[in-house]
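**Student:** everything below, folded, please.
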Amino acid sequence: VLALNRAEERRAGVHRADVVGRGFFTEVAPCTAVREFQGRYDAMVRGGRRGYDSFEFVFRFRGGERLVQVAISYTPARREGAVLVQDLV
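**Tutor:** Model (predicted):
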């Protein structure tokens, strides 16, 4: 994780300082380490080409579930990806 905006800090109940520098799929949001989420991102990286994908996903938190729209992208020239999350409910 390179950055986290204030809106996501509030929604996810985390602090920016606690997640920046950590692995998104392994440490920050391990519920996303599934084929439907991380698998899509990994396919972009393996393909070695610029990629974009958008899909719905359910985050499961202690306090309940959150249906979101996810947009993921990957830029091989910078070896960098982005994950954008927007609430649907």
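**Student:** all contacts plus neighbour counts: C-alpha atoms, from now on.
**Tutor:** Noted.
**Student:** quick one: the helices in this protein?
**Tutor:** For the chain, helices defined by DSSP state H occupy the ranges 6-12, 16-19, 40-47.
**Student:** winner for burial among the ones you listed?
**Tutor:** helix 40-47 (a mean of 16; mean count of other C-alpha atoms under 10 Å).
**Student:** TSV for the helices of the chain, including distance to Glu27 and mean pLDDT?
**Tutor:** Listed next are the helices of the chain as TSV, based on distance: least, C-alpha to C-alpha, whole Å; pLDDT from 0 to 100:
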stretch	distance to Glu27	mean pLDDT
helix 6-12	14	83
helix 16-19	8	92
helix 40-47	16	94
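**Student:** quick one, which of those helices is nearest to Phe59?
**Tutor:** Closest of the helices of the chain to Phe59 is helix 6-12, at 9.4 Å (criterion: C-alpha to C-alpha).
**Student:** packing partners of the closest one?
**Tutor:** With contacts defined as 3 or more C-alpha pairs under 8 Å, 6 or more residues apart in numbering; DSSP states H and E, helix 6-12 has no helix or strand neighbours.
**Student:** make 204 the first number, not 1, from now on.
**Tutor:** Taking 204 as the first residue, the last one we looked at is helix 209-215.
**Student:** residues touching that helix, excluding its own?
**Tutor:** The contact list for helix 209-215, computed with C-alpha atoms under 8 Å, 6 or more residues apart in numbering, reads Val217, His218, Arg219.
**Student:** equivalent analysis for stretch 264-277, please.
**Tutor:** The contact list for stretch 264-277, computed with C-alpha under 8 Å, 6+ apart, reads 244, 247-248, 252-263, 283-292.
**Student:** so which of those belong to strands?
**Tutor:** If you go by DSSP state E, the contacts of stretch 264-277 have 254-263, 283-290 in strands.
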